[in-house]
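Enquirer: Could you look at this predicted model? Sequence included:
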Amino acid sequence: MFTPQPIGFVHSPYHDTHAIPKGPGAKHDAEGAIEMMGEFEAGLTDIEGFSHLYVIWEFDRSDGFDLIAHPPTDGGRPHGVFSTRSPRRPNPIGLTVVELLGRDGALLRVRGVDMLDGTPVLDIKPYLSSVPAENLKRGWVVEAESRGQESEGRRK
């Protein structure tokens, strides 16, 4: 086992979890920044060549965990925590893909933040995927989105 340490912190427009878009069709297009701690800045060398990054971060304000989650994305229906993005996890680790807008020294300007302001960043990796889109499966989320679109259609 290892003891994680932050390599930087997120600057985000979100100061409350309720402000982060959730549910079917939620858009994660908020801009923010990742400010690396000085001793890790050299690790950003050549990062500008990538359009998107994986950001591994800590749910530092989450307390405890549940093995069954009730995501708002699916109207509160129960799902195993490992098939959701719930913050209440045995290891409170988050993963987000962001678009890299630019780099200013130790500061990465990004789009797609879904973390709270001040969230500790544990690692950053370039986004690379060799899985063709037609081979990806999205599990229960597809059904939840379909239900959301149906209810949206009934409201019109």
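Expert: Arrived safely.

Enquirer: any idea of the mean pLDDT in stretch 28-48?
Expert: Averaging pLDDT along stretch 28-48 yields 97.

Enquirer: where along the protein do the helices fall?
Expert: 140-155 (DSSP state H).

Enquirer: Look up the closest residue to the most centrally placed residue in it, ignoring the ones flanking it.
Expert: The centroid of the chain falls nearest to Thr96 when counting by Cα atoms, centre = their mean (2.9 Å). Using Cβ to Cβ, 6 or more residues apart in numbering and skipping the chain neighbours, the partner closest in space to Thr96 is Val55 (4.9 Å). The C-beta positions use only the backbone N, C-alpha and C, and glycine is treated the same way.

Enquirer: Name all residues that make contact with that neighbour.
Expert: With contact set as Cβ atoms under 8 Å, 6 or more residues apart in numbering, Val55 has these partners: Val10, Ile34, Leu95, Thr96, Val97, Val98, Val110, Met115, Val121, Asp123, Ile124.

Enquirer: Go again with 10 Å.
Expert: Val55 sits next to 8, 10, 34, 94-98, 108, 110, 112-115, 119, 121-125, 127 when contact means Cβ atoms under 10 Å, 6 or more residues apart in numbering.

Enquirer: From the residues you listed, list just the buried residues.
Expert: 8, 10, 34, 94, 96, 98, 108, 110, 112-115, 119, 121-122, 124 (16 or more other Cβ atoms under 10 Å).

Enquirer: can you tell me which strand in this structure is longest?
Expert: Counting residues, the longest strand in the chain under DSSP state E turns out to be strand 93-104.

Enquirer: sorry, back to before: surely the residue nearest to the centre of the chain and Leu116 touch.
Expert: No. Contact between Thr96 and Leu116 fails when scored by Cβ atoms under 10 Å: they sit 11.8 Å apart.
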